Structure formats: C-alpha cells, structure tokens
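Participant: I need the structure of the sequence given here:
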Amino acid sequence: MDKDQDIEVKMLNRLLSIIYILLNKGTITAAELAQRFEVSVRTIYRDVETLSMAGIPIYAKKGKNGGIFWHIAGQDRPCGYSRYFA
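Facilitator: Numbers count the residues shown, from 1 in each chain. Modelled structure (predicted):
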C-alpha cells in the first residue's frame, strides 16, 4: 500500500469510527475525538463536515453544552440501531 492509500484508509477508518462513537455515546467534543485519533481539532471538524455532506445527520454545537452529536428529529439513534448494534 502506498502513502496516499494509507492516508485514505486512515481517514475512512476515522470517519466510520466517529459514526460508531456517536451512535454509542451520543455527544462528544471535537477535542476528545482529536485526542483519541491523534489528529487536530480542525481535522475533526473537517471530518464532521464530510460526514454531514454525505447525508449523515451529524452536527456540531458550540458552547458549554456543545459537542458533536448525531441528530434525527425526535430520535437519539437511527431507527433500528439498538436492535442490531446494542
């Protein structure tokens, strides 16, 4: 695997991991994710934007009770999530 492919695989793994973390935890800060994946906070915000642009309902909220979270109106998790993954 060359360097470019390695970078793409790492990014894809990080994006999928972010989704999984949010499905399980609900809300997490960009700083926590950045520390976990050993990347910058800015990289995490770019990842959130990438996921959001792909149609995944992930949002970031600033402030005291802010963070990155999964949001579907009226639901904490996607329909059927707990049945298959919990």
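Participant: What segments of the chain are strands?
Facilitator: 27-28, 58-61, 67-70 (DSSP state E).
Participant: and the ones you listed, which is most packed in?
Facilitator: Compared across the strands of the chain, strand 67-70 shows the largest average neighbour count, a mean of 21 (mean count of other Cβ atoms under 10 Å). For glycine as for every other residue, the C-beta is placed from the backbone atoms N, C-alpha and C.
Participant: Now for the chain: which helix has the highest residue count?
Facilitator: helix 3-25 (DSSP state H).
Participant: I'd say residue 17 and residue 39 touch.
Facilitator: No - Residue 17 is beyond contact range of residue 39, at 11.5 Å (criterion: Cβ atoms under 8 Å).
Participant: follow-up on the earlier one: which helices and strands sit right next to the longest helix of the chain?
Facilitator: Applying 3 or more Cβ pairs under 8 Å, 6 or more residues apart in numbering; DSSP states H and E, one finds that helix 3-25 contacts helix 30-37, helix 41-53, strand 58-61, strand 67-70.
Participant: list the contacts for residue 60?
Facilitator: 30, 45, 48, 66, 67, 68, 69 (Cβ atoms under 8 Å, 6 or more residues apart in numbering).
Participant: is it possible to export those residues to CSV including distance to residue 54 and pLDDT?
Facilitator: Output for the contacts of residue 60, formatted as CSV (distance: Cβ to Cβ, whole Å; pLDDT from 0 to 100):
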residue, distance to residue 54, pLDDT
30, 18, 95
45, 15, 94
48, 11, 95
66, 22, 87
67, 20, 93
68, 15, 95
69, 17, 92
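Participant: ok, so of those, who is nearest residue 3?
Facilitator: residue 45 (24.1 Å; Cβ to Cβ).
Participant: so how far is residue 33 from the residue nearest to the spatial centre of the chain?
Facilitator: By Cα atoms, centre = their mean, the mean C-alpha position of the chain lies nearest to residue 18, the distance being 3.1 Å. Applying Cβ to Cβ, to the nearest Å, the value for residue 18 to residue 33 is 6 Å.
Participant: Same question for residue 11.
Facilitator: 13 Å.
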